[in-house]
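A.B. asks: Have a look; sequence and predicted model below, questions after that.
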Amino acid sequence: MNLYTFLQNLINGLSLGSLYALIAIGYTMVYGILRLINFAHGDVFMMAVYFAFFLVTLGKVPWLISFVIAILAAALLGFTIDRVAYKPIRNAPRVSALITAIGVSFFLESFAVVVFSGIPRSFRNIYPKFLNNMLILGGHEEVKYGRNVIVGGLRIPIVSFVILIVTAIALVILWWIIYKTKIGMAMRAVSVDIPTTSLMGVNVDGVIGFTFALGSALAAIGGLLWATRYPQLWPYMGFMPGLKAFIAAVFGGIGSIQGAVVGGFLLGLTEIMLVGFFPKMAGYRDAFAFLILILILSVKPEGLLGKRSVVKV
Amino acid sequence: MPMKLSNRTNFILTVALVFFVWLLLFFINGHMNTYMIRIVSLIGIYGVMAVSLTLINGITGIFSLGHSGFIALGAYTSALLTMSIHQKEVTFILDKVAWPFNSVQLPFLPATIIGGIVAAVFSFLIGWPSLRLSGDYLAIATLGFSEIIRILALNLRSITNGALGLKSIPQYTNVWWSWTWLLITVLFVGSLVNSSFGRALKAIREDRVAAASMGINIFKHQLLSFVIGGFFAGISGSLYAHWLTTIDPRTTSIGVMLTFNVLIMIVIGGLGSISGAIIGAGLFAILTEWLRFLEEPMKIFSFEFSGIAGLRMLVFSAMFVMVMIFWPRGIMGRKELTWNTLYSKLRRGSGESNE
């Protein structure tokens, strides 16, 4: 592996990692407040991509506007899921909440199969073509098959840079919401202690709903970027990225937003580097993420940046 | 009159019920069409799956999402053992079959038991690290392990034939095999639950700390229950493979969806009840077949509707969420359907009781 391929893997890993980070934030925010693994999060990601797809193909809406509408619709969907499915069982045992979350995920997937059909669709004609163009650095020209071809060098799709930039902007906005606004302060308070916060006159259900909406919007951004990078849509497309983003959240320390970002980048980088260094292992790529999960859970269950919680009897 | 039936009456009634069910199976096998017979065998297979998951999830309180992995292990192992050597040579196009499987062919019963043992060994290996975790972390770790098993099945081409899966597995599973295994599973798990071991498991489910302070070794008990559940999951996998006659590692047949389906059965039946698990399995098998009409073209008031694929699963998942929200205890809750409960219901119904 020379310097070029290493750099190429680095940038691919970072862009994949930022997608994981965007999705992982939603998991970690919900877990931080409700101690609930929101299984349906990966499916919100999938629904957002379908919304954008149908707005552009059927609604003939310009792509940028339809992306924005899709993000807002995903936020509304996340809010609705909380209101309809999770709020009625807020005080039930945690296992019932987890089972309900699995049920909601299953429902959204089946819904997508029925309404959008299970046949994979291509996202290629939705966004501007130039995003898939390659940026070529270095390398040398050679004549092959009667044409001038650049051999070697660094090839990075432009969308990888777009992913990094959009993620950075989204993270800054998220940071601003959580640390500089009133609702952000309420979110932080709710994640520490729900009863006390409600005694202070904070509308806890409203804050939880807002958290779901915010996390879903970030997942939608991640999903739209994901579909631009890997342009294939199908109803189960959110399942694996969702699980891996959850692993990233656990890796970084669940409940901590910084942890989710760090975990997402680390998971994306290690995954791409593993395949880069050992191409034969490419088939085991998904298994590798789960191996990380099991290792981190048995060695350091609070994750890299999480706080160790002590259970008192 | 005593409120409880004597042990002898209980035993006689149970034997009579088994005899009656077997008579019914005999009738179904002789007089119904092949389609009905297949559904009845499927109920037995689902029953074994649901009872084994109930032992792990409902009775021991380990929230495992790895059931499909054990089912897959049992399915692959037994199918590779029962397929004829010639058939394996034809099926494995990409790579040759690896050693033990290229020279053996076993009858259905030993192959099924070996499938169960392989699943049990793996559940021991998986349970050892995962059971140190608790709650939702354990759920995700077991889900991860079952995905790893599926990914291994996709990649170990010389054992599993990779993404092509296994085809032309002999169709050995009939009502007798599936219901006999269901009977064995219920008898085994049932007597386990009523033993001191089972009471220890329930104590762990209710309160880990209190159970530990009573001197129960939590880890050992949970691991043993996990391994027993894994064994019967492997058995059900073998039955399922010889019912389907194909195994496809890419799709839903042995993936996480299968775990979710079994979870639906035990949640609808009541998490923590063996009889509930069987009721849930029966309902699931019958409803998935009955709801098939939703996916077929139909005519309502002279309007033609073309069938919509996947509508059944939508109905099921909606039902699943609603059960969780409005009726979290399911049909049976944690109660068992026993002769005693039926007896006291009857007495109360006829107004004879004067407690």
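C.D. replies: Received, thanks. Numbers count the residues shown, from 1 in each chain, chains lettered A, B, ... in the order given.
A.B. asks: Could you list the low-pLDDT ranges of the chain?
C.D. replies: Just going to use chain A. A:1, A:308-313 (pLDDT under 70).
A.B. asks: you looked at the wrong chain, it should be chain B
C.D. replies: Applying pLDDT under 70 to chain B flags the ranges B:1-3, B:251-253, B:298-307, B:349-355.
A.B. asks: Go ahead and flag the most central residue of it.
C.D. replies: B:M49 (0.5 Å; C-alpha atoms, centre = their mean).
A.B. asks: any idea how far B:A285 is from B:F260?
C.D. replies: B:A285 sits 15 Å away from B:F260, going by C-beta to C-beta, to the nearest Å. (Each C-beta comes from the backbone N, C-alpha and C, glycine too.)
A.B. asks: Test my guess that the residue nearest to the centre of chain B contacts B:H67.
C.D. replies: Yes: B:M49 lies in contact with B:H67 (C-beta atoms under 8 Å); the separation is 7.1 Å.
A.B. asks: Mutual contacts of the two, please.
C.D. replies: By the contact definition C-beta atoms under 8 Å, 6 or more residues apart in numbering or on different chains, B:M49 and B:H67 are jointly contacted by B:A233, B:V262.
A.B. asks: Please, which helix or strand holds the residue lying closest to A:V202 once chain neighbours are set aside?
C.D. replies: Distance criterion C-beta to C-beta, 6 or more residues apart in numbering or on different chains; nearest residue to A:V202, sequence neighbours excluded, is A:A186 at 5.0 Å. In the assignment (DSSP states H and E), A:A186 maps to helix A:182-192.
A.B. asks: and that helix, which residues are buried?
C.D. replies: Neighbour counts over helix A:182-192 (16 or more other C-beta atoms under 10 Å in any protein chain shown) mark A:G184, A:A186, A:M187, A:A189, A:V190, A:S191 as buried.
A.B. asks: now do stretch B:216-223
C.D. replies: Those would be B:I216, B:I218, B:H221, B:Q222, B:L223, for stretch B:216-223 by 16+ other C-beta under 10 Å.
A.B. asks: Tell me which of those residues fall in helices.
C.D. replies: B:I218, B:H221, B:Q222, B:L223 (DSSP state H).
A.B. asks: Return the member of the residues you listed nearest to B:V104.
C.D. replies: B:L223 (30.5 Å; C-beta to C-beta).
A.B. asks: quick one: that closest one and B:F124 touch, right?
C.D. replies: Yes: contact criterion C-beta under 8 Å: B:L223 and B:F124 qualify, at 7.0 Å.
A.B. asks: Determine the number of other residues adjacent to the residue of the stretch 201-313 of chain A at minimum distance from chain B.
C.D. replies: Taking C-beta to the nearest C-beta as the measure, the point where the stretch 201-313 of chain A comes nearest chain B is A:F290, at 3.4 Å. The number of residues packed near A:F290 is 21, by other C-beta atoms under 10 Å in any protein chain shown.
A.B. asks: Which parts of the stretch 101-250 of chain A are helices?
C.D. replies: For the stretch 101-250 of chain A, the helices defined by DSSP state H, counting those that start in this stretch occupy A:158-180, A:182-192, A:194-199, A:204-229, A:239-252.
A.B. asks: residues touching the closest residue in space to B:E147 that isn't next to it in sequence, list them.
C.D. replies: Leaving aside its chain neighbours, B:E147 sits nearest to A:F290 (5.8 Å; criterion: C-beta to C-beta, 6+ apart). Contacts of A:F290 were listed using C-beta under 8 Å, 6+ apart, and they are A:I247, B:G144, B:F145, B:E147, B:I148.
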